[in-house]
Each structure stands twice: as C-alpha cells, then as structure tokens.
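1. output the structure for:
(chains A and B)
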Protein chains: 2
Amino acid sequence: MTDTNDATARAREILSGYRASIDNIDAALIHMLAERFRCTKAVGVLKAEHGLPPADPAREQAQIERLRRLAKDAQLDPDFAEKFLSFIVKEVIRHHEMIAAASAANDQESATAGA
Amino acid sequence: MTDTNDATARAREILSGYRASIDNIDAALIHMLAERFRCTKAVGVLKAEHGLPPADPAREQAQIERLRRLAKDAQLDPDFAEKFLSFIVKEVIRHHEMIAAASAANDQESATAGA
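-> Numbers count the residues shown, from 1 in each chain, chains lettered A, B, ... in the order given. Okay, here's the model as predicted:
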C-alpha cells in the first residue's frame, strides 16, 4: 500500500513538472500568436491602402505545404498542422474584414465631410 | 503613373518582409505545438499507468484564466486565446483516447497470452 502511495506521489510530481513545461509553452504560443496577428493586421492595412488582392492562393498553398513538411520533421501530425493554419487564417480573415469595414466607414466620413 | 507603380512596388517589398516574419513565426508555432503534444502525450501515459483521473476541471479553469490574462497583456483577443486552447485540447483528448485504446489492446493481448 505504501509502495502504491509512493508511486502515485511520484507520478503526481512528474505530472506537475510536465504541467510547468506546458504552461511555459502556452505562454510562448500566445506571444507568438500575438506577434503573428500584428504582422497580418499590418499586411491587411498595406493591401487595403495599395489595392493589392486580399487573397493569394499560390502563397496559401506554399504555406500549407511548408507547414506540413515542418510538422512531419517535428513529429507533429501534418493534418493537425494544416487544420491549425486554417484555424488561424479564419481569424486573420475576420481581422481583415474589420480593417476593410473601418476603412469603408472612414471613406464614408471623408465623402460626407467633403460634400 | 510611375509614382503609383513605385508605391505599389514598395508595398510589395514591405509585404514580402511581413511574410518572412510570418513564416518564421509559423515555424516557431509548429515546433512549440510539437513540444506541447510531446508533454501531453507523456501526461496521458503517466495518468493511464497510475490510474490518475484523465480530466482536471480546476486545472483547466486555471489554464483558461491564465491564457486570457496573457493574451490581454500581449494585445491578443482573449476570446481567441480561449478558442485556441480548446482547439488544442480537442487534439490532446484525441491523443489520450488513442493511448487508452492502445493500452486496452495491450491488456487484452496480455490477458489472452496468460489464458
């Protein structure tokens, strides 16, 4: 019984170590995501200002292929990596729509001010 | 006309810089995710081996609150951070189910071998 209790106590200790690693990794992920969205928001503004096309299918395909390759090398399921990218891209599109809406509202305001 | 072309060419150059940053960040994200799943897989094995409960609602609530706080500090939408965690946790549960199924199959094999 004491052996089992010791083993369980040791397991809880190991678990607590893994959780400390998971918490550190999560903090890194959140900050990386924040920085990624800073970049994609800047891209949204740049594209809107210069009339560049919002979507770029060739770039998107290259990103999918690259992430699948990186995932495979890192022993991460490539299908999960692709799902992850599409999860992120959905949020990027939401931001770009907000940028476009804000820009349209500004144009509307300028047009009214000029009338 | 040349001014517009110059401005567009300059915009494309800036875009290309942002894309280089996004690609670097994506590689970091993929490797962080791979490491996170290495930890959660080890947690799954440890819990299965020691009969520890698979879910821990208090830990999960603390993780959500911490990630929302980190996101806020990093100017990332806290709702997105929470959605991100639940996206990851779905994959963790899938891995743990696979570990449990493999462990049950092993037990079955041992039982048959012992019969």
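2. leaving out sequence neighbours, find the closest residue to the most centrally placed residue in chain A.
-> Centrality entry for chain A: nearest residue to the mean C-alpha point is residue A:88, 4.2 Å, by CA atoms, centre = their mean. Of all residues not flanking residue A:88 in the chain, residue A:36 sits nearest, at 7.1 Å (CB to CB, 6 or more residues apart in numbering or on different chains). All C-beta atoms are positioned from the backbone trio N, CA, C, and that covers glycine.
3. secondary structure element for the one you found?
-> Residue A:36 is part of helix A:2-50 when elements are defined by DSSP states H and E.
4. sorry, back to before: give the contact list for the residue nearest to residue A:88.
-> A:88, B:22, B:25-26, B:29 (CB atoms under 8 Å, 6 or more residues apart in numbering or on different chains).
5. and which of the residues you listed is nearest to residue A:18?
-> Nearest to residue A:18 among those: residue B:29, at 20.1 Å, using CB to CB.
6. got the contact list for the closest one?
-> A:29, A:32-33, A:36, A:84.
7. my guess is residue A:21 meets residue B:42, correct?
-> No: the pair residue A:21 / residue B:42 is not scored as a contact, 9.3 Å apart, by CB atoms under 8 Å.
8. is it true that residue A:11 touches residue B:46?
-> Yes: applying CB under 8 Å as the test, residue A:11 and residue B:46 come out as touching, 5.6 Å apart.
9. what do those two both touch?
-> Joint contacts of residue A:11 and residue B:46 (CB under 8 Å, 6+ apart) are residue B:52.
10. what does the model give the residue nearest to the centre of chain A for pLDDT?
-> Note on residue A:88: pLDDT of 97.
11. tell me which element it falls in.
-> helix A:78-114.
12. may I see the buried residues of that helix?
-> A:78, A:80-82, A:84-85, A:88, A:91-92, A:95-96, A:99 (16 or more other CB atoms under 10 Å in any protein chain shown).
13. that one packs against which elements?
-> Counting contacts by 3 or more CB pairs under 8 Å, 6 or more residues apart in numbering or on different chains; DSSP states H and E, helix A:78-114 packs against helix A:2-50, helix A:57-73, helix B:2-50, helix B:78-114.
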